[in-house]
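Q: Any chance you could fold what I've pasted below:
(chains A, B, C and D)
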Protein chains: 2
Amino acid sequence: MAPDRNRRRIPDATVSRLPVYLRILSEQGDEGVDSISSERLAELAGVNAAKVRKDLSYLGSYGTRGVGYEVAYLVYQVRRELGLTHDWPVVIVGAGNLGQALAGYNGFGERGFPVAGIVDVDEHKVGTVMGGVRVRHIDELPQIVQTKRVNIGVIATPGGAAQDAADRLVKAGVTSILNFAPVVLSVPHGIETRKVDLAVELQILSYHEQRRSGGVAGAAVGSNPRTATA
Amino acid sequence: MAPDRNRRRIPDATVSRLPVYLRILSEQGDEGVDSISSERLAELAGVNAAKVRKDLSYLGSYGTRGVGYEVAYLVYQVRRELGLTHDWPVVIVGAGNLGQALAGYNGFGERGFPVAGIVDVDEHKVGTVMGGVRVRHIDELPQIVQTKRVNIGVIATPGGAAQDAADRLVKAGVTSILNFAPVVLSVPHGIETRKVDLAVELQILSYHEQRRSGGVAGAAVGSNPRTATA
DNA sequence: TGGGCTTTGTGAATGTGTGCACGAGTGCCT
DNA sequence: AGGCACTCGTGCACACATTCACAAAGCCCA
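A: Residues are numbered from 1 along each chain as shown, chains lettered A, B, ... in the order given. Purely as a prediction, here's the structure:
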């Protein structure tokens, strides 16, 4: 069974849901639940049951018809697929507000992403301690990445410094980047990046709010001479 | 032309890209650029030019063939569509690490989302000042939402408190929620929610890292192939 | 043992998003 | 004025994602 399941590519949409299933399954496991149906898991994850089954089917046939999925076993399989069988130390670039918060957020370490280091360009911040980690100078980045075997970098700098941070991370040997700066990074092929932009999220909510409250009824859109452009 | 553009539903994928275009367009405007082609905008946004044109076409025909888009005018149109013609005050629930960072993040106010208030259950935190905003008790939530006309709430609590925070926000009259807690919220129909889960993002990166480093090669994962990546 | 109940796994249908390719305008130059 | 170079707007085909619906497979009990 599970013959060449390894090389199987899992759809992006599924990959982004697996962590959610994993958290729920872990919680259920902690509460003593041994077995769970796709129906129940779907309910807890806020999705459709068929989607859960299809998602899980990409990992292999780990369910039992008529019964459901064995929680502990499924947790193991999802963790394995996500590469969570060992820790992935991360390095944070930028010791400002956000960098501090991230360093102090225990959820990282608990979920297998210990903070291997936090760096900043600002000499004044170097040496201070955040979330149990001492801030070091950004020039030490390569050394941290090498000695701590870091593959994942987190950019928590202002927008203007983000591209430089990315360049330094890549040069130091990092191959995945989580970017909190509101900038589109340009990185070499093969480097994985993900972006989290708080302002974008709020603007999407704004769109829905605006739509809710009477639509775009704005300023007489029917005719559209470029009158008052400002 | 543009007859009932108002009621036109814009695809989700497009809505999530509009803020990115908007930021780039604003920057270009500040740099004195008057006109921009879909090609150039696409390059700056890291997407395909056809996609840019299709996205913008949902707003209306605001380009000029052979020339491009007038930056100032397009900025105005995108802002209007996103409902950014006026500010949307937000209230933050949870004055921990993340809440602090969010309150202190100027990007919010600058982009039209001033922090109308930040609340917490912990009496010890009440009264302290974060990012220029005084922390108030969570029981004051309804009053803040009412007096400041807040439509958007941000949940920055630990997972265990998130659902309660959501319930309180909804009861207070908030209709959109940005959730940073690693929990699936259950809210009444009609309430818009978006979730940002840092751990999920890292786990997605982990998946790609794991895949990069020799696939799911089964048990022997201990070895971490970081040889000479430089 | 066999029948009934439950739940998985997945083909097929539907819906959503992407990218190409090209017609249709627009401005510029001769 | 006419032709040319450029860029938008969009129809179409393809790819990806979601959902339905049902046969296959397992458990339990008489």
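Q: Name the residues of stretch A:71-84 that come out as buried.
A: Buried residues in stretch A:71-84, counting neighbours by 16 or more other CB atoms under 10 Å in any protein chain shown, are found at A:71, A:74, A:75, A:77, A:78, A:79, A:80, A:81, A:82, A:83, A:84. Quick note: C-beta positions are derived from backbone N, CA and C, even for glycine.
Q: got any ranges where chain A has weak pLDDT?
A: Counting by pLDDT under 70, the ranges of chain A that qualify are A:1-7, A:214-230.
Q: For it, what lies in contact range of DNA strand D?
A: For chain A, the residues in contact with DNA strand D under the definition CB under 7 Å from any atom of the strand are A:11-14, A:47-48, A:50-51, A:53-54, A:64-67.
Q: can you count the residues close to residue A:31?
A: Neighbour count for residue A:31, taken as other CB atoms under 10 Å in any protein chain shown: 8.
Q: Going along the chain, name the helices of chain A.
A: Along chain A, counting by DSSP state H, helices occupy A:12-30, A:38-45, A:49-57, A:71-81, A:97-104, A:106-110, A:141-147, A:159-172, A:198-212.
Q: Buried deepest among these, which one?
A: Mean neighbour count (mean count of other CB atoms under 10 Å in any protein chain shown) peaks for helix A:97-104 among the helices of chain A, with a mean of 23.
Q: Can you spell out which helices and strands pack onto it?
A: strand A:90-93, strand A:115-120, strand A:129-130, helix B:97-104 (3 or more CB pairs under 8 Å, 6 or more residues apart in numbering or on different chains; DSSP states H and E).
Q: about what we covered before: distance to DNA strand C added to the helices of chain A, as a markdown table?
A: Shown next, in a markdown table, are the helices of chain A (distance: least, CB to the nearest atom of the strand, whole Å):
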| stretch | distance to DNA strand C |
| --- | --- |
| helix A:12-30 | 10 |
| helix A:38-45 | 4 |
| helix A:49-57 | 4 |
| helix A:71-81 | 9 |
| helix A:97-104 | 27 |
| helix A:106-110 | 28 |
| helix A:141-147 | 31 |
| helix A:159-172 | 22 |
| helix A:198-212 | 12 |
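Q: mind putting those in CSV, distance to residue B:105 included?
A: CSV is the format used below for the helices of chain A (distance: least, CB to CB, whole Å):
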stretch, distance to residue B:105
helix A:12-30, 25
helix A:38-45, 30
helix A:49-57, 34
helix A:71-81, 33
helix A:97-104, 6
helix A:106-110, 19
helix A:141-147, 24
helix A:159-172, 12
helix A:198-212, 7
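Q: check contacts around the closest residue to residue A:72 other than its chain neighbours.
A: Among residues not flanking residue A:72 along the chain, residue A:29 sits closest, at 5.9 Å (CB to CB, 6 or more residues apart in numbering or on different chains). Contacts of residue A:29 were listed using CB atoms under 8 Å, 6 or more residues apart in numbering or on different chains, and they are A:71, A:72, A:75.
Q: could you redo the residues you listed as a markdown table and give each row distance to residue A:95?
A: As requested, the contacts of residue A:29 are arranged in a markdown table below (distance: CB to CB, whole Å):
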| residue | distance to residue A:95 |
| --- | --- |
| A:71 | 39 |
| A:72 | 39 |
| A:75 | 35 |
